[in-house]
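> please work out how this folds:
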Amino acid sequence: MQDGRICKLTYAGDDEFRVKDGFTTFVVNLRSRTCGCDYWRVSGLPCKHACACIAYKRENVELFADHVYTTKVYSLCYNEIIHPMSELDTKNRGSYGNIDPLILRRLPGRPRVNRKRSVIEGPGGPQDARRSNTVRCGNCRELGHNILGCQRDKTKKQKKVKVRRKEGSSVANANMENHHGAASQDHSGNNQVARENAH
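So this is what the prediction gives:
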């Protein structure tokens, strides 16, 4: 009702109006209860264009609403009662007996580890979209091919092979002895400097 105040209307006669709402024009007929915006026909309540026309004729807007919105029809929804039911006799159910659930049995094949993906996720799930399908060459480090299809010279890196020697243990022991001997000389030299400073 309040929005209908901004509408500009022109009375054509026989309860028919031409209503201008902004840059759009609608035709309202109060007798057939129709409007060009089609809101009145769908909802059963007058739209803002119809309200402007009803206010122009100084009539009550409630009279133009559909009869389903009246209190009389509303009370008819709750007119019926909920009929009571007799108590069910659970002992005498006839020859049908109890209905049990299906027996769970192990299905053939290995059980699935991953859950079933939805149609939106795709076969690999949401993490599959993050993975890149581009291949990087291990030789030239360029994208689009691998080391088997690389056109450059394949410079194979020589792997460092550890040679095990039988005398390796004796060499290691000699290195350890040299290290301990040098460390003991450093400690003795430091002790002599400390004694001279004390005197």
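> what about the protein, any weak spots by pLDDT?
Regions of the chain meeting the criterion pLDDT under 70 cover residues 1, 89-95, 122-132, 154-199.
> what segments of it are strands?
For the chain, strands defined by DSSP state E occupy the ranges 8-13, 16-21, 24-29, 34-35.
> list the buried residues for the third one?
Along strand 24-29, the positions that meet the burial threshold by neighbour count (16 or more other C-beta atoms under 10 Å) are 26, 28-29. Every residue, glycine included, has its C-beta placed from N, CA and C.
> now those residues in TSV, with distance to Gly97?
TSV is the format used below for the buried residues of strand 24-29 (distance: C-beta to C-beta, whole Å):
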residue	distance to Gly97
Phe26	68
Val28	68
Asn29	67
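> ok, back up a step: go through the strands of the chain and name the closest to Asn133.
With C-beta to C-beta as the criterion, Asn133 lies closest to strand 24-29 of the strands of the chain, at 51.9 Å.
> which residue ranges of the chain form helices?
With DSSP state H, the ranges of helices along the chain come out as 39-43, 48-56, 71-77, 168-198.
> packing partners for the second one?
The criterion is 3 or more C-beta pairs under 8 Å, 6 or more residues apart in numbering; DSSP states H and E, and the helices and strands that helix 48-56 contacts are strand 8-13, strand 16-21, strand 24-29.
> could you redo the last one with a cut-off of 10 Å?
Identification of packing neighbours for helix 48-56 by 3 or more C-beta pairs under 10 Å, 6 or more residues apart in numbering; DSSP states H and E yields strand 8-13, strand 16-21, strand 24-29, strand 34-35, helix 39-43.
> which residues touch Gly22?
When contacts are counted by C-beta atoms under 10 Å, 6 or more residues apart in numbering, Gly22 touches 6-8.
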